[in-house]
Structure formats: C-alpha cells, structure tokens
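Asker: One predicted model, sequence on top.
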Amino acid sequence: MGALNIILSNSSDLPIYQQIVDQMRGAILRGELTEGALLPSIRALAKDLRISVITTGRAYDELEREGYIASVAGKGSFVAPRSQELLHESRLGMVEEKLSEAVRCACTLGVSRTEVNRLLELIYEEDGK
C-alpha cells in the first residue's frame, strides 16, 4: 500500500471524494497500484486523510462502479483485474482529454495547428520515452 499517496487540496474546485477517485484511478492506470493490490480499508483511509468515512466510502463506491476496484466481504477492497485493451482505452481517454484542452487553448490564443504539431513533436522528443 506504499504506492497509495493521496494528497487532498482544500483549494481545489473538486469535491474531496472526487480528488480521491481521480488520484486512485490515476495510480491504477499508471501501474502504481497493480491488479490484486489490497487497498486500505475505508475507515483506515478516512483516518489517514482525516476525513469522513462517508467520503472515503463514496470514493470507493465510485471506483467500484467504474470497475477499477472490487470489494470482497470480510477481505477488503482490491485493485480489480482489467483487460489490457480496456486499460489502454482508459489511458488513451486521459491523453485525449488533455490534448483536447490544449487544442482549445491553442485555438483561443490563435496558435496554428502547424505550431501545435511542432510543439508536440518537440515535447515528445524531450519528455517522451
């Protein structure tokens, strides 16, 4: 469980449960939380984050509805098994969302498609693996 490092922000526009969902989903998609990993109990997470059990329960319910975690009565919550195809689609969706945001920003600022493509290539060369 050392890979689970949730940081809550009081200044965020997102509700606390959504911050938990987003961070746990991200950790699963990045492979920091692997299939079958035992997650902290709802009570333990609430205590660690100093928040309500209702809030952590809501986050776990959302993650379970989305298929990221599975709960087993008497045993706890685990990272759910996911097909590689579904995992890839989830990752593509995250990238698509960020790229759409970048394109909207570029259009608003009058940056051409050619310039955006050139920037993307440069960024990929510098930061890509």
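Answerer: Cool, got the structure.

Asker: from here on, contacts and neighbour counts on C-alpha atoms
Answerer: Will do.

Asker: which residues touch stretch 106-118?
Answerer: Contact partners of stretch 106-118, identified using Cα atoms under 8 Å, 6 or more residues apart in numbering, comprise Val103.

Asker: one more time with 10 Å, if that's ok
Answerer: Stretch 106-118 is contacted from outside by Ser100, Ala102, Val103, Arg104, Cys105, Leu119, Leu120, Glu121, Leu122, Ile123, Tyr124, using Cα atoms under 10 Å, 6 or more residues apart in numbering.

Asker: Next, the buried residues of the lowest-mean-pLDDT helix or strand in the chain.
Answerer: With mean pLDDT, DSSP states H and E as the measure, the helix or strand of the chain carrying the lowest mean pLDDT is helix 84-109 (a mean of 88). For helix 84-109, a neighbour-count test (16 or more other Cα atoms under 10 Å) marks Leu87 as buried.

Asker: next one: it to chain centre, how far?
Answerer: From the chain centre to the centre of helix 84-109 is a distance of 13 Å (Cα atoms, centre = their mean, to the nearest Å).

Asker: Tell me the first helix or strand C-terminal of the host helix or strand of Asp48.
Answerer: Here Asp48, judged by DSSP states H and E, is contained in helix 42-49. Per DSSP H and E, the first helix or strand lying C-terminal to helix 42-49 is helix 53-65.

Asker: how about low-confidence regions in this protein?
Answerer: Scanning the chain for pLDDT under 70 picks out 1-3, 83-84, 129.

Asker: Point me to the residue sitting closest to the centre of it.
Answerer: Gly26 (2.4 Å; Cα atoms, centre = their mean).
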